[in-house]
Structure formats: C-alpha cells, structure tokens
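Engineer: what's the 3D shape of this:
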Amino acid sequence: MRSVVIADAGPLIALSRIDALGLLRGLFGQVLVTEAVRDEALPAADYPGKASIALAFDAGWLACPGPFETAWQPTNPALGAGECSAVAAAVQMPGCLLIIDDRAGRAEAKSHGVVIIGTAAIIGLAKLRGLIPAARPLLEQLQPAGYFIHRTIIETVLGDVGE
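Structural biologist: Sure, this is the predicted structure:
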C-alpha cells in the first residue's frame, strides 16, 4: 500500500453518488485532497452524495492538509483547477498514488511519472481485497448516477476481477 494517496474530485463524487466512498477508507486509510479539489467536491450547491464527502472530511480520513505550494505548471493548460492541483500535489510527493479519471489529468500525471488509478480500478481493487462481494453492481451504477466511464474500461476491470 502507498503511504500517500491523493484524490481528484471526480472519483470522490462518483463513489459518493453510488454510496461507495467508504471503499477509499477501506483501501487506503486516509486520502488527501488539495483545496481546489475540496472546493469542487463540496460546492455550495447540493448533489447526491455530497453529504458522505462532508462526513468523510469530518471523520478525518478524507483530509485537506492545507495549500500545496508549488511553482509547477502543467504541460496541458486546459486542465481544470482540481486536476491541475491534484497532479501538482502528486508530483511533489514521489511514490504517492493519484486517484484520477480525467483523461487529460491522467496523461499529465503519467508524463511526470505519477502512479495513477481510476474509479473503476478502485472498485475492482475493493473486490479483490474482499471489501465488496462483486464489482459489477457498483460499476453498473456509475453511469445512471451521472458518471461516465467507458464500457471498455469497465469490461477490463470486470475481467481482471473474474466477473
């Protein structure tokens, strides 16, 4: 297990919408986010799953340790604020794991040698570690919950976990 795990907002929101945010705690203990990611995950407007993210912050296993100071700039200027800050934080912490789904953010992170994992793989890993009995039900809830992950990725994860 990696000692530092950083998350982008997308996976937090996706997992919270299908009532599976707790998988991150079960897999990693604590997950860090940047201020920009926290602000994206806890906007003023309400959405399904927002309360579970707020509870995770209150419990301390989802944490925003403060500003990550860096002069780092992405090679792709089109990255959103959350993705940019998450990748920047991960670049500052060699050996960490970054949870991110955004395609441009993943490419940026990979170009800097950051180890990444996405929402679908988190669900697959939770199944392999015995935290859930099956990955398919959760993976199939993502799209109806408003979070699109390409079918090829879902099928790959299901194949990897024997479903």
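
Engineer: so where do the helices sit in this protein?
Structural biologist: Listed in chain order, the helices of the chain (DSSP state H) span residues 9-17, 22-28, 35-41, 50-59, 81-92, 103-111, 119-128, 136-142, 151-160.

Engineer: Reformat the ones you listed into TSV and put mean pLDDT next to each item.
Structural biologist: As requested, these are exported to TSV (pLDDT from 0 to 100):
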stretch	mean pLDDT
helix 9-17	97
helix 22-28	97
helix 35-41	94
helix 50-59	96
helix 81-92	91
helix 103-111	93
helix 119-128	98
helix 136-142	97
helix 151-160	96
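
Engineer: Kindly reformat the ones you listed as CSV and extend each row with mean neighbour count.
Structural biologist: In this view, the C-beta of every residue, glycine as well, is placed from N, C-alpha and C. As requested, the helices of the chain are arranged in CSV below (neighbours: other Cβ atoms under 10 Å):
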stretch, mean neighbour count
helix 9-17, 25
helix 22-28, 18
helix 35-41, 21
helix 50-59, 15
helix 81-92, 24
helix 103-111, 18
helix 119-128, 23
helix 136-142, 18
helix 151-160, 15
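
Engineer: now these in JSON lines, with distance to T75?
Structural biologist: Rendered in JSON lines, the data for the helices of the chain read as follows (distance: least, Cβ to Cβ, whole Å):
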{"stretch": "helix 9-17", "distance to T75": "20"}
{"stretch": "helix 22-28", "distance to T75": "28"}
{"stretch": "helix 35-41", "distance to T75": "18"}
{"stretch": "helix 50-59", "distance to T75": "30"}
{"stretch": "helix 81-92", "distance to T75": "10"}
{"stretch": "helix 103-111", "distance to T75": "7"}
{"stretch": "helix 119-128", "distance to T75": "24"}
{"stretch": "helix 136-142", "distance to T75": "29"}
{"stretch": "helix 151-160", "distance to T75": "24"}
